[in-house]
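Undergrad: sharing a sequence plus its predicted fold:
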Amino acid sequence: MLKTGNINSLIIKIFELGLGICAPFSKKIEKGVIGRKNSFKKLKLSFKKGDNIIHIHCASHGEYLMSKKLITNLKDKFKDYKFLLSFISPSGYENTNEDLFDCVIYLPLESNKNCVEFYKIISPKATFFIKNEIWPNFIKHAKMSGSKVYSVGGNFTANYLKKIFRINSAIKRFDSMFVLNERSKNIVDGIGNQNVFVVGDLRYDITIPKLKNKTKKVIESFIDNNNCVVFGSTWKEDENIIIKYINNQKGNIKYIIAPHEIDKNSHRIKKHLGAKSILFSEINPNTKLEDFSCLIIDNIGMLSSLYSYSTVAYVGGGMGKKGLHNTLEPAYFSKPIIIGKNYKGFDEAEKMIKNGNLISISNYNDFEKTLESIINNKTIIKEMSKKCNEFFDKNKGGVKLILKNLN
């Protein structure tokens, strides 16, 4: 019978082979495959023996943004340390502020060989795995190299299959775990790690930057003091409703759509909306923005700041099964928020619905009725914004709790 370690090694080899086969057909997978080939070289060029290193690992851009406030505080606290940031996804690797770090890499696949090589090059003093990132082999070898290992922002559910892949044994190895909620704490306690702190969602501590002046002028010129709906991180299921609504409407409302998958969805949306829409990349000094009612964002990095210009925000992912996206970004700006029907398990959404600053819709008729009941009613907008602001402020403070309880 194969031992658990051998099973995991076999799975990793099969997975690596599968990535190689799929890479020619997916830019995202191809970028990861190519990027991981350079990871060890980048580590060797960036660090030397004796360096004090803090390693932070995020799956993708969302986890990076969630942890950015923590990272800047760690840099203030540990001024003589070098900082390594690793990713799984190109969305994080390609859109990070590299000035904060001495090295940014794709995390190698967690084979024994890779883990030995990784910690042969560096010996971090502390390692932070953000959100639900749990890599048993890396955790094991990090501890063996002398690193403290922390989990930050986890939102865990009970799952028997995790035992097969050594997740539960890895959870026991963490020096401390800073989790999202009491449910996660109870699960971790039950597995056998009692060093657990409920810190809430770190995204309440974020600071969203303003748009650069050139971009700001474009957005303000496009909106031109009209009401504006910003649709963020949308998928096809969301867009089916959005496109129908925009095509049916007349009037002076402006719409900004930032699809989750830019390459696939931007041109498809434009095709369905026709002459009333324009891609952000198509705008030039001669463009008459007053001729368009819909602006489609075909780049990464603008969305969180764009919510500040919305009268009402719609956050995508909830109409399908891809997973609801970040509702805390529009909440940061105290905006009324609409989402789709599938939000169970997203703590912040469940809480904001009870709080009264977020509304879930199930279909087109729901969406039309909800949006039109809000967008021209200043009293409702003011009430929802006030509830949103109070809710957001009440939930801040997770970063301070983490820094206070680092052991």
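TA: Yes, it's here.

Undergrad: CA only for contacts and neighbour counts going forward, please
TA: Noted.

Undergrad: need the contact list for the most centrally placed residue in the chain.
TA: By Cα atoms, centre = their mean, the chain has its centre lying nearest to residue 62, at 1.6 Å. Counting by Cα atoms under 8 Å, 6 or more residues apart in numbering, residue 62 touches residue 92.

Undergrad: let me know the helix or strand that it is in.
TA: helix 61-77 (DSSP states H and E).

Undergrad: check residue 396 too.
TA: Going by DSSP H and E, residue 396 is not in any helix or strand.

Undergrad: low-confidence ranges in this protein?
TA: For the chain, residues meeting the criterion pLDDT under 70 lie at 1-29, 32, 160-165.

Undergrad: returning to that earlier point: list the buried ones in the helix holding residue 62?
TA: 61-71, 74-75 (16 or more other Cα atoms under 10 Å).

Undergrad: CSV please, covering the residues you listed and showing distance to residue 334.
TA: Output for the buried residues of helix 61-77, formatted as CSV (distance: Cα to Cα, whole Å):
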residue, distance to residue 334
61, 23
62, 20
63, 22
64, 22
65, 19
66, 18
67, 21
68, 21
69, 20
70, 23
71, 25
74, 28
75, 29
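
Undergrad: how about residue 152, secondary structure?
TA: At residue 152 the chain is in strand, as set by DSSP: H, G, I helix; E, B strand; the rest coil.

Undergrad: quick one: contacts for it?
TA: 128-131, 177-179.

Undergrad: again with residue 370
TA: Contacts of residue 370 by Cα under 8 Å, 6+ apart are 359, 361.

Undergrad: against residue 228, how distant is it?
TA: Distance of residue 370 to residue 228, computed by Cα to Cα, to the nearest Å: 15 Å.

Undergrad: check contacts around residue 361.
TA: Applying Cα under 8 Å, 6+ apart, the residues near residue 361 are 338-341, 367, 370.

Undergrad: how many other residues sit next to the nearest residue to it once chain neighbours are set aside?
TA: Once flanking residues are discounted, residue 361 sits nearest to residue 340: 5.1 Å by Cα to Cα, 6 or more residues apart in numbering. Using other Cα atoms under 10 Å, residue 340 has 22 neighbouring residues.

Undergrad: wait, residue 340 touches residue 319, no?
TA: Yes: in this structure residue 340 lies within contact range of residue 319 using Cα atoms under 8 Å: 4.4 Å.

Undergrad: who touches both of the two?
TA: 238, 362.

Undergrad: how far does stretch 245-258 stretch from start to finish?
TA: 16 Å.

Undergrad: got it, and stretch 196-203?
TA: End-to-end for stretch 196-203, by Cα to Cα: 19 Å.

Undergrad: show residues contacting that stretch.
TA: 65-67, 153, 176-182, 185, 188-189, 328, 395-399, 401-402.

Undergrad: how far does that stretch sit from the chain's center?
TA: Distance, stretch centre to chain centre, for stretch 196-203: 16 Å (Cα atoms, centre = their mean, to the nearest Å).

Undergrad: repeat for stretch 69-76
TA: Counting by Cα atoms, centre = their mean, stretch 69-76 comes out at 18 Å from the chain centroid.

Undergrad: quick one, helices of the stretch 251-400 of the chain?
TA: 262-273, 303-306, 328-332, 347-355, 364-375, 378-394, 398-405 (DSSP state H, counting those that start in this stretch).

Undergrad: and if you look at the stretch 101-250 of the chain?
TA: 112-121, 136-144, 167-173, 182-191, 213-223, 236-248.

Undergrad: any chance of CSV for the ones you listed, columns distance to residue 355 and mean neighbour count?
TA: As requested, those are arranged in CSV below (distance: least, Cα to Cα, whole Å; neighbours: other Cα atoms under 10 Å):
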stretch, distance to residue 355, mean neighbour count
helix 112-121, 45, 15
helix 136-144, 38, 20
helix 167-173, 33, 19
helix 182-191, 19, 17
helix 213-223, 29, 15
helix 236-248, 24, 16
